[in-house]
Structures are given as C-alpha cells and as structure tokens.
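>>> The following block contains a protein sequence and its predicted model.
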Amino acid sequence: MAVRYYLYISDAKVDMLLSQIDPAYSRKRVTEFSVGVTMAGAKRTIEAADTDRVTRLERVVRHLEDHADLGTVDEPGQYVQGVMPMQWSALGDGAGDTVYFGGRTERTVVGVGGSTGHVLGTIAGEPPQGMPLSASTPPVLLDRLAALTEQDGIPDPDALATVVKANAALRGPTQTVEFVAKRMLYGTHPYPELSLQGDMAVLLASPLYVALVD
C-alpha cells in the first residue's frame with residue numbers, strides 16, 4: 001500500500017476482521033505487547049502500538065482486495081473502495097460523536113460515517129455513561145443524519161432519502177479522500193427527478209479507514 005495521510009482508522013473493525021483472517025496474529029500481538037511492557041517501558045510500547053495499527057489495517061485491506069467481496073462506489077460489494085471528493089463534518093451534540101463524509105459520482109450518492117473516536121488525533125476521554133451504541137451502526141448514524149436535516153431529528157421513513165438530504169446539508173470542507181468501508185445500505189435514488197440521471201443509486205457505508213489524497 002502507498003504512504004497515506006490517515007484521517008480515520010477503525011481499530012474495532014480491523015481487529016474484528018483480523019481475528020477471523022488470522023487468529024494467530026492476534027495471539028502474537030498480545031504476547032509481543034506484554035513483553036514490550038516488561039522490557040521496553042510504556043513509551044516504546046505506545047509507539048509500537050501506533051505503528052501496529054496501520055500494519056494491521058494494511059493486512060486486512062490486502063485480504064479484502066485478494067479474497068473478499070470488495071467493490072467500487074458505483075458497483076459495491078459487501079465492502080467498498082473509493083477515491084473521490086467528499087465534504088465532511090462532525091455531527092451530534094457539542095463537538096459531535098459522529099464523523100460523516102458525503103459525496104457523489106455521476107451514478108451514486110455516497111455517505112460514509114462512523115464514530116469520531118476513530119479520527120486520528122482524537123483525545124481520549126472518559127466513556128459516556130450508559131455506553132451508547134457506536135455511530136458505526138446504521139440506526140445511530142441515520143439518527144445523526146436526520147438531526148442534520150430535520151429540526152425534530154426524526155429520520156425519514158426512507159433511510160436512503162435521509163442520506164441524500166444529509167449530503168445536501170453538509171457545510172464542511174471538500175477534500176479528495178480514499179476509503180475502504182463496509183456497505184450498510186444501498187438502493188435506488190429516492191428522488192429520481194432530482195438526480196443527474198434516472199438510474200442513480202444511494203450508498204451508505206461505515207469506514208475501516210479514510211485517508212487524504214493529494
């Protein structure tokens with residue numbers, strides 16, 4: 001994989017997939033971490049963990065490319081790989097618990113969203129009371145998108161319509177990004193009269209990673 005400037009890495013998704021791809025790798029990582037704490041001290045251990053998260057991500061992405069149902073934005077599989085200009089912003093109360101990227105091709109309106117805790121550079125804090133569901137799950141993400149477009153925060157009965165409205169309401173910066181994401185929703189554009197062509201589609205996905213592209 002090329003050198004990337006990562007904006008977002010979901011360690012939770014990466015670890016879940018890696019444990020299925022290569023269970024021995026997870027056991028080896030725990031052993032090496034334990035030895036590192038004993039022999040090298042906390043600072044070196046943290047540095048190794050930061051490097052290891054990219055190594056683990058690359059291993060998973062290579063597996064998806066070689067063996068899984070990895071499609072494109074316009075022809076998605078269970079997983080989707082894309083490079084495109086997208087607007088992005090934090091959603092939710094206060095600083096926001098959800099990060100959302102929205103864009104479109106000539107054939108597909110695209111939304112990619114997950115928890116802001118996976119944004120690189122996020123300062124870890126105390127977990128909220130009640131351990132709320134992750135914004136990487138469709139119900140939570142759709143609620144956040146509805147709040148962006150509807151004053152009452154009630155999602156549109158058509159989930160794909162919620163994605164289209166949320167993309168239109170985004171005011172964040174537009175940057176070219178690349179991503180690999182798990183497909184969550186995919187279907188026909190709910191407003192064909194407003195689409196660039198009648199057979200447009202809408203895609204909502206949750207990213208393994210998002211990175212800037214020069």
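Ah, there it is. Numbers count the residues shown, from 1 in each chain.

>>> where exactly do the helices run in the protein?
Using DSSP state H, the helices of the chain run over 11-21, 23-39, 42-67, 138-149, 159-169.

>>> Could you tell me the least trusted of those helices?
Lowest mean pLDDT within the helices of the chain: helix 23-39, a mean of 55.

>>> Quick one: distance of the longest strand anywhere in the chain to the chain centre.
As assigned by DSSP state E, the longest strand anywhere in the chain is strand 174-188. Mean C-alpha position of strand 174-188 versus that of the full chain (CA atoms, centre = their mean, to the nearest Å) differs by 8 Å.

>>> Also stretch 52-69?
15 Å.

>>> One more: stretch 109-119?
Averaged C-alpha coordinates place stretch 109-119 at 4 Å from its chain's average position (CA atoms, centre = their mean).

>>> now do stretch 73-85
For stretch 73-85, the distance to the chain centre is 12 Å (CA atoms, centre = their mean).

>>> hmm, back to that, mind giving me the packing neighbours of the longest strand of the chain?
Counting contacts by 3 or more CB pairs under 8 Å, 6 or more residues apart in numbering; DSSP states H and E, strand 174-188 packs against strand 79-91, helix 138-149, helix 159-169, strand 201-212. Every residue, glycine included, has its C-beta placed from N, CA and C.

>>> In a markdown table: these, plus distance to Asp69.
Formatted as a markdown table, the helices and strands packed on strand 174-188 follow (distance: least, CB to CB, whole Å):
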| stretch | distance to Asp69 |
| --- | --- |
| strand 79-91 | 6 |
| helix 138-149 | 19 |
| helix 159-169 | 21 |
| strand 201-212 | 13 |
